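# here is a sequence with its predicted model. Questions after.
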Amino acid sequence: MEESYISKPLAIKVIATPVFTLTGVKCRYALLDMAYGEWLVYRDNHPQYYINLFDAEYEGIRDKVGNNAERYIKERLKNSNERLSLKPNIVGLKVGKEQQTSITVERLPIHLIE
């Protein structure tokens, strides 16, 4: 019997950088204390999910990724047809000061990268 995936929202500290684009001012987000094995996952340039490969729920994935975890996850996200990516695609000019803030995201469902 397969367990259903239930994710609780997480509050993650990030750096928000305002950027002037052709469609107005948007924010680029980056993890505040980024470490190997953790990423924000973006949908339509907005942080949607968080993944830390060293969390217990991703233990089975750690064995599969080998030396290039980022490449493995990028490929899986691209193949998931969910419009997810590890980097936002926001092109523009920085228009303000970077600011530390907190955002609410969910853990990346494991089925998206298995």
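Yes, it's here. A quick note: this is a predicted structure, and the numbers were derived from the prediction, not measured. Residues are numbered from 1 along each chain as shown.

# C-alpha only now, for contacts and for neighbours.
Will do.

# quick one: list the elements packing against the biggest strand by length in the chain.
Identified as the longest strand of the chain according to DSSP state E is strand 10-21. Helices and strands touching strand 10-21, by 3 or more C-alpha pairs under 8 Å, 6 or more residues apart in numbering; DSSP states H and E, are strand 24-31, strand 93-94, strand 99-107.

# for F54, find the nearest of those.
F54 lies closest to strand 99-107 among the helices and strands packed on strand 10-21, at 12.5 Å (C-alpha to C-alpha).

# sorry, back to before: okay, angle between the longest strand of the chain and strand 99-107 too, please.
Angle of strand 10-21 versus strand 99-107, following axes from the mean of the first three to the mean of the last three C-alpha atoms, to 10 degrees, is 120 degrees.

# which residue is the nearest non-sequential neighbour of S80?
L112 (6.1 Å; C-alpha to C-alpha, 6 or more residues apart in numbering).

# show me where pLDDT drops low in this protein?
Counting by pLDDT under 70, the chain shows low-confidence ranges at 1-7.

# then the host helix or strand of K74 to PDB, C-alphas only?
If you go by DSSP states H and E, K74 is part of helix 69-79. The C-alpha trace of helix 69-79 is given here as PDB (Å, rounded to 0.1, in the frame of the first residue of the first chain):
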ATOM      1  CA  ALA A  69      22.800  15.900  -7.500                       C
ATOM      2  CA  GLU A  70      21.900  19.200  -9.200                       C
ATOM      3  CA  ARG A  71      22.000  17.700 -12.700                       C
ATOM      4  CA  TYR A  72      20.000  14.600 -11.600                       C
ATOM      5  CA  ILE A  73      17.300  16.800 -10.100                       C
ATOM      6  CA  LYS A  74      17.200  19.200 -13.100                       C
ATOM      7  CA  GLU A  75      16.700  16.300 -15.500                       C
ATOM      8  CA  ARG A  76      13.900  14.800 -13.300                       C
ATOM      9  CA  LEU A  77      12.100  18.100 -13.000                       C
ATOM     10  CA  LYS A  78      12.300  18.700 -16.700                       C
ATOM     11  CA  ASN A  79      10.800  15.300 -17.400                       C
END
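
# since that was my last question, I'll sign off now.
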